[in-house]
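In: Below is the sequence, then the predicted model.
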Amino acid sequence: MPMQPWFADAKLGIFIHYGVYAVDGWAESWSFYTGEVTHERYMDQLGRFTASRYDPAAWADLFARAGAGYAVLTTKHHDGVALWDTGTDHRNLDVVRDTPAGRDLVTGFVDALRERDLKVGLYYSHSDWNHPDYPSVRHVRPGEHPSPFSHAEPGEEDPAAWRRYLAYRDGQVGELVDRFRPDLLWFDGEWERTEEQWRMRELAELILGGAPDTVLNARMLSYGDYATPEQGVPLQAPDGPWELCLTINDSWSYRPADRDHKSVGQLVRYFTETIGMGGNLLLDVGPMEDGTIPAEQVERLEGLGAWIARHSPAVYGTVAGLPAGHHYGPSTLSADRRTLYLTCFDAPREAVSVRGLRNAVRRVSVLGTGTELGHHVTGGLDAVPGVTWIDAPAPADLDEYATVLAVELDGELDLYRGTGRD
Ligand code: GLC
């Protein structure tokens, strides 16, 4: 199945880690797994999760202002608490039955995104550290410590319980597909079992049988459509479509103690570097338990969105730009491959250079202000092109975070990649 074109065109997605873990602001699911808090204290949050100011329309408006093409909501994290009224198994947890919120939170999210033409992504964890049938088999990776929340003791494996667990998981995923018709299913928690144990093939068939256009991330293992690097930036583009998921501070979920927010300027760098290598950025927010997105995160989404709005031709409808070595910064290329967009983070001195460009340049302008810049070529011999020099923009033409130069070429981009000439 070829990748859905909307995915590569979207460039920015918003990831939302929203769940009962926002009540006391401990790490999502992991806090009881690792013992940061007791299981009992973690579960006590269920009784205080209200979603009292949950306004998915306001979320969707914010995401649209940020310039995002899609958003991904944690419909069930590793703690097993579903955000919709799931009816597959009465031993599971969901916010409708088990919290004062008392209602399904997924439908409103899906509808609000669709009203604004944003694609719908639903996150779902294969693992469920609260389901009684989950810790019934083992697959412990080297260096990992087996946990009673996720692994049976040697000799105590229970294949029948595991089959029940898979039926429960398939039932929930089936509900998500049938009810919400997501454009993207964003899986997680796959590392605790093998592909065979997860019965990934059957799960992929179950999803794609009825909804063949659903995009799947790499945590469907060999059935994933795209690579899913997390937090660490790739230095070379992964093969095929990909998406970097990234937190705004250091946490996925709402953690008021974590003040380590990335600045708008840093987010512009992450974003331009990611799309310059052909990827999408999936930027995460962690709403408070009432459903409000913290002001520090709103500010950053709006700041990034304002930069994108000023530079949208360099973002939407583009593909990966120059490989490293041609320009000191990221770049993108128009879909017809005739306009290069060079990103400059710093104020250029004298000139911006492009090396190895075989094309003649027709025109260079500053994206946003439209100011035209002079350019000329020095050197080069035979098949080895010289250096293209673009006059440095005047201070008034520099963007606060990153200036983009639109370089119109005399044809499709043609690069020299050789070792020079003797
Ligand atoms: C990790 C974590 C999880 C988080 C996810 C986002 O897999 O387990 O808490 O939701 O990354 O990519």
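Out: Good, I have the coordinates.
In: beta partners for the residue nearest the centre of the chain?
Out: Centroid-nearest residue in the chain: Leu282, 1.9 Å away (criterion: C-alpha atoms, centre = their mean). In this structure, Leu282 bridges to Gly13, Cys245 when assessed by DSSP bridges.
In: residues in contact with it?
Out: Gly13, Ile14, Phe15, Val72, Glu243, Leu244, Cys245, Leu246 (C-beta atoms under 8 Å, 6 or more residues apart in numbering). Heads up, the C-betas are built off the backbone N, CA and C, glycines and all.
In: distance of it from the ligand?
Out: With distances taken as C-beta to the nearest ligand atom, to the nearest Å, Leu282 is found 8 Å from the ligand.
In: ok so, going back, can you tell me which of the contacts of Leu282 lies closest to the ligand?
Out: Among those, Cys245 lies closest to the ligand (C-beta to the nearest ligand atom), at 4.7 Å.
In: Which pLDDT does the model give the closest one?
Out: Residue-level confidence at Cys245 comes out at 97, pLDDT.
In: So that it lines up with my notes, have the first residue be 28 from now on.
Out: Taking 28 as the first residue, the last one we looked at is Cys272.
In: That one is in contact with His44, isn't it?
Out: No - if you go by C-beta atoms under 8 Å, Cys272 and His44 don't touch, sitting 10.5 Å apart.
In: Name the residues contacting each of the two.
Out: Counting by C-beta under 8 Å, 6+ apart, the residues touching both Cys272 and His44 are Asp311.
In: Between these two, which is the more surrounded one?
Out: His44 (23 against 20; other C-beta atoms under 10 Å).
In: wait, doesn't that one sit right on Ser280?
Out: Yes - using C-beta under 8 Å, His44 is in contact with Ser280, at 4.2 Å.
In: Between these two, which contacts overlap?
Out: Residues touching both His44 and Ser280 (C-beta under 8 Å, 6+ apart) are Glu55, Gly313.
In: what's the nearest residue to Trp156 if we skip its chain neighbours?
Out: With C-beta to C-beta, 6 or more residues apart in numbering as the criterion, Trp156 has its nearest non-adjacent residue at 4.0 Å, and that residue is Phe176.
In: and that neighbour, how many neighbours?
Out: 20.
In: With Pro265 instead?
Out: Around Pro265 there are 17 residues (other C-beta under 10 Å).
In: Quick check: the gap between the closest residue to it other than its chain neighbours and Gly305.
Out: Distance criterion C-beta to C-beta, 6+ apart; nearest residue to Pro265, sequence neighbours excluded, is Ala254 at 3.9 Å. Taking C-beta to C-beta, to the nearest Å as the measure, Ala254 falls 11 Å from Gly305.
In: Show me whatever sits in contact with both of these two.
Out: Common neighbours of Ala254 and Gly305 (C-beta under 8 Å, 6+ apart) are Pro268, Trp269.
In: The ligand contacts on this structure?
Out: Residues of the chain lying close to the ligand (C-beta under 6 Å from any ligand atom) are His44, Glu55, Trp57, Asp215, Glu257, Cys272, Trp279.
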